[in-house]
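Participant: quick one: sequence plus predicted model below, questions after.
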Protein chains: 2
Amino acid sequence: MDGNVTIKTIAQKTNFSLTTVSRVLNGTSEKYRISRVTQQIVLDEAKKLGYIPNMAAKTLRSNKSHTVGLIVPSLSNPFFSIVASTVSKMLHAQGYVVLMSDSDNNEKEEKKMLQALQAQNLVGLIAIPLGERRNYELLNQGIIPTVFVDRFFPGFNFYSVSTDHYKSSFQLVQYLINRGHQKIACIQGDEKVISNTYRVQGYRDALRASDLKYYYLGGVSFTEEEGYLETKLLLQKKDRATAILALSDTILLGVLKALKEAKIAVPEEISVVSFDNSSYLDYLEVPVTSIAQPITQIAQLAVKLLLEQINDKSKSKREESEQVILLDSSLISRASVLDLRNR
Amino acid sequence: MDGNVTIKTIAQKTNFSLTTVSRVLNGTSEKYRISRVTQQIVLDEAKKLGYIPNMAAKTLRSNKSHTVGLIVPSLSNPFFSIVASTVSKMLHAQGYVVLMSDSDNNEKEEKKMLQALQAQNLVGLIAIPLGERRNYELLNQGIIPTVFVDRFFPGFNFYSVSTDHYKSSFQLVQYLINRGHQKIACIQGDEKVISNTYRVQGYRDALRASDLKYYYLGGVSFTEEEGYLETKLLLQKKDRATAILALSDTILLGVLKALKEAKIAVPEEISVVSFDNSSYLDYLEVPVTSIAQPITQIAQLAVKLLLEQINDKSKSKREESEQVILLDSSLISRASVLDLRNR
DNA sequence: GTGAAAGCGCTAACAT
DNA sequence: ATGTTAGCGCTTTCAC
């Protein structure tokens, strides 16, 4: 009643021992052949008293917390929040509880959060890391099963799940090239994040594959402002690109703003494509062709791999589990690309 | 080294007692006048050994977990994810850790999550509740300081922080009326959530205040599909509205889709306004006038109120803390409303 | 089929 | 300025 019902209370009320009560409440009755009657008495009393187990005690005793950590660069980014949403739901369904940390795109913060998480007896960790691999090297010698999502570092014995950024980017640029574009500019996000790196490589390699010499790369962060500024810059070049590849939808919005201000028509005067395929792309002034990542699939796979590791007691196995899993994206074609071959 | 360094290990290595080590590591050295030398020795050893405190033990012993629960209807909704992001960052900065739960807009799930959270010795809870008040009545007799965000139920001794939905809606409708609109339709979300209820009331009262008889209310959930379907329905009425009020941006996207399909021009043939002011509204085919909620402010205030309660040991005070705090929104005027007075 | 007792890592009252 | 000790709520040997 007074909010402090423990198994001891129940033991006293029912005149059974702590042990018996504990066993009943943990579903190990069968294993210890506790009589149906006893079970019922204990269960009834627990319900009547509104017993709520004390996780801290369980965790301390068993050294297993049923807690999974989740660290993301920023929840205000839809991509990450959908991952968080999916991960959270799946894990809760499995009886885990999720400790969420928003590293705010700040590596110092990320480090602090990782440390805080380590004190929580986590049974697992799902991380969308920032650019600093050392933050993850401190991770308790890989004692906590960890899965990287979207971004990763080579050389960790963790699973990583992400879109095949390189391939996606390559295909997207090829899509432009196939429509006659020869001068394609790219506005990137943060150079330190590996998904960005791969996208840029895909961009570069697609150009090379078609022997295109025009190469323009700008941008330093995945923000609307950057997209805006970089587009302003881009428009001042005498040799203007015929297409812009925005490496995220946030960047895209900035690009569109700058183009609108300069009264440059999309796609008549310049074509635009992006990564992310946000739901509003269909409703923009000109619907924008974009790469759709299989976000939910990625998150689901990450959780599955994590649970697998958690349930796999044989740690030896885990030692050699470095594995990067790349999922294909889909190119959603809309009206923002002009076919230059028809001119 | 082996990942199981406790204060006992440090005590042995340094030949100090558990107490001393504990005190040094908890920053209570001053209070107990532990010598600088001792402090340094202990601190050095802790660092050398890579000591990580065991939170479960701390929590068990002190019955205070430094863990705050956060429960949201769905992280994939930008409004909620921004709240989550802000809350998480602020709380982490204060040394708290955040247990996140996505109730998936499902009251059964919400109940389960609330129960799971209760087992975690939470020191506080921030909740964006669904429609079921009973889920919160079970909340440990209000022993855990709780703050409702965005939505709330009357009769709880919790603080609630939200936008003044009624007023916002009233103003928005008045804005339409001022521009000569007399037939305004409203497409709502989930009737069970109080923010929706208030918005609908604001809509109704604004009409009444101007003696307008036209009243059209449709919709059952905050989704694009609903917005789409309801608009289809709406368009079949012989007496068509001159303006549509979409109670969320998700609904809005559906509305726009239906209008586009029907080739009805915005704002020439019909005006549209919405709630949420998502960042992409500026870039839509027709930028849409919308109500911007002070999301970050709301989240910040909620955290402040929570921390206040947590630090306020005098529970008596908390007993009478029911208080609903309403923040003003801003009306962001864009091109989606036609001024009928000029015709 | 059930119970007694030890102990997980930590803190705090009570020493000195 | 530092140490001893009890105990938070729970699980788990070991015992009968």
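Facilitator: Looks like it arrived, so ask away. Numbers count the residues shown, from 1 in each chain, chains lettered A, B, ... in the order given.
Participant: would you list every one of the strands in chain A?
Facilitator: A:67-72, A:97-102, A:124-127, A:146-149, A:159-163, A:184-187, A:216-218, A:243-246, A:271-275, A:289-292, A:323-327, A:330-332 (DSSP state E).
Participant: between those, which gets nearest to DNA strand C?
Facilitator: Across the strands of chain A, DNA strand C has its closest neighbour in strand A:67-72 (15.7 Å, CB to the nearest atom of the strand). Every C-beta, even on glycine, is put in place using the N, C-alpha and C of the backbone.
Participant: what helices and strands are in contact with the closest one?
Facilitator: Applying 3 or more CB pairs under 8 Å, 6 or more residues apart in numbering or on different chains; DSSP states H and E, we find strand A:67-72 packed against helix A:78-93, strand A:97-102, helix A:107-118, strand A:124-127.
Participant: strands paired with it, and their directions?
Facilitator: Partner strands for strand A:67-72, per DSSP bridges, with pairing direction: strand A:97-102 (parallel), strand A:124-127 (parallel).
Participant: what would those strands look like in CSV with mean pLDDT?
Facilitator: Shown next, in CSV, are those (pLDDT from 0 to 100):
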stretch, mean pLDDT
strand A:97-102, 96
strand A:124-127, 96
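Participant: can you pull the residues of the stretch 101-250 of chain A lying near chain B?
Facilitator: A:101-102, A:104, A:109, A:112-113, A:115-121, A:140-141, A:143, A:224 (CB under 8 Å from any CB of the partner chain).
Participant: returning to what we had before: and of the helices and strands packed on strand A:67-72, who's closest to residue B:276?
Facilitator: In terms of CB to CB, the element of the helices and strands packed on strand A:67-72 nearest to residue B:276 is helix A:78-93, at 13.6 Å.
Participant: residue in the stretch 201-343 of chain A with the shortest distance to chain B?
Facilitator: residue A:280 (4.2 Å; CB to the nearest CB).
Participant: okay, now that residue: neighbour count?
Facilitator: For residue A:280, the count of nearby residues is 23 (other CB atoms under 10 Å in any protein chain shown).
Participant: name the nearest residue to it, ignoring sequence neighbours.
Facilitator: Leaving aside its sequence neighbours, residue A:280 sits nearest to residue B:280 (CB to CB, 6 or more residues apart in numbering or on different chains; 4.2 Å).
Participant: check contacts around that neighbour.
Facilitator: Contacts for residue B:280 (CB atoms under 8 Å, 6 or more residues apart in numbering or on different chains) come out as A:253, A:278, A:280, A:283-284.
Participant: tell me which two of those residues sit farthest apart.
Facilitator: A:253 and A:283 (12.6 Å).
Participant: who's more crowded, these two?
Facilitator: Between residue A:253 and residue A:283, counted using other CB under 10 Å, the more crowded position is residue A:253 (25 against 21).
Participant: and chain A, what are its domain boundaries?
Facilitator: Following automatic domain parsing, one finds the domains of chain A at A:7-52, A:62-163+A:295-327, A:165-293.
Participant: what's the mean pLDDT across the shortest one?
Facilitator: By that I understand domain A:7-52. For domain A:7-52, the mean per-residue pLDDT is 92.
Participant: just to revisit the earlier point, just the strands of chain A: most buried one?
Facilitator: Stretch with highest mean neighbour count among the strands of chain A: strand A:243-246 (a mean of 29; mean count of other CB atoms under 10 Å in any protein chain shown).
Participant: mind listing what that one pairs with, with the direction of each?
Facilitator: Going by DSSP bridges, the partners of strand A:243-246 are strand A:184-187 (parallel), strand A:271-275 (parallel).
Participant: picking up where we left off before, any figure for the gap between the residue of the stretch 201-343 of chain A closest to chain B and residue B:209?
Facilitator: Look at residue A:280 and residue B:209: by CB to CB, to the nearest Å, they are 33 Å apart.
Participant: ok, residue A:213 next?
Facilitator: For residue A:213 relative to residue B:209 (CB to CB), the value is 66 Å.
Participant: also residue A:221?
Facilitator: The value you get for residue A:221 to residue B:209, if CB to CB is used, is 47 Å.
Participant: what's the answer for residue A:160, then?
Facilitator: Taken as CB to CB, the span from residue A:160 to residue B:209 is 58 Å.
Participant: what of residue A:18?
Facilitator: From residue A:18 to residue B:209 the distance is 66 Å (CB to CB).
Participant: got it, and residue A:291?
Facilitator: Here the criterion is CB to CB. By it, residue A:291 lies 49 Å from residue B:209.
Participant: still on that earlier bit, do you know the pLDDT at the residue nearest to residue A:280?
Facilitator: 90.
Participant: same question, residue A:3
Facilitator: Residue A:3 carries a pLDDT value of 57.
Participant: still on that earlier bit, can you put the domains of chain A in a markdown table and add distance to DNA strand D?
Facilitator: Formatted as a markdown table, those follow (distance: least, CB to the nearest atom of the strand, whole Å):
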| stretch | distance to DNA strand D |
| --- | --- |
| domain A:7-52 | 4 |
| domain A:62-163+A:295-327 | 5 |
| domain A:165-293 | 40 |
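Participant: and those: which comes nearest DNA strand C?
Facilitator: Once the domains of chain A are compared by CB to the nearest atom of the strand, domain A:7-52 is nearest, at 3.0 Å.
Participant: that closest one close to DNA strand C?
Facilitator: Yes - interface with DNA strand C: domain A:7-52 contributes A:15-20, A:32-35, A:37-38 (CB under 7 Å from any atom of the strand).
Participant: quick one, which of these are buried?
Facilitator: Buried members of those, scored by 16 or more other CB atoms under 10 Å in any protein chain shown, are A:16, A:20, A:34, A:38.
Participant: biggest separation within those residues, which pair?
Facilitator: Among these, A:16 and A:34 lie farthest apart (CB to CB), at 9.0 Å.
Participant: that older thread, and of the buried ones among the residues of domain A:7-52 next to DNA strand C, the nearest to residue A:202?
Facilitator: residue A:34 (61.2 Å).
Participant: ok, residue A:124 to residue A:27 distance?
Facilitator: Taking CB to CB, one finds residue A:124 at 22 Å from residue A:27.
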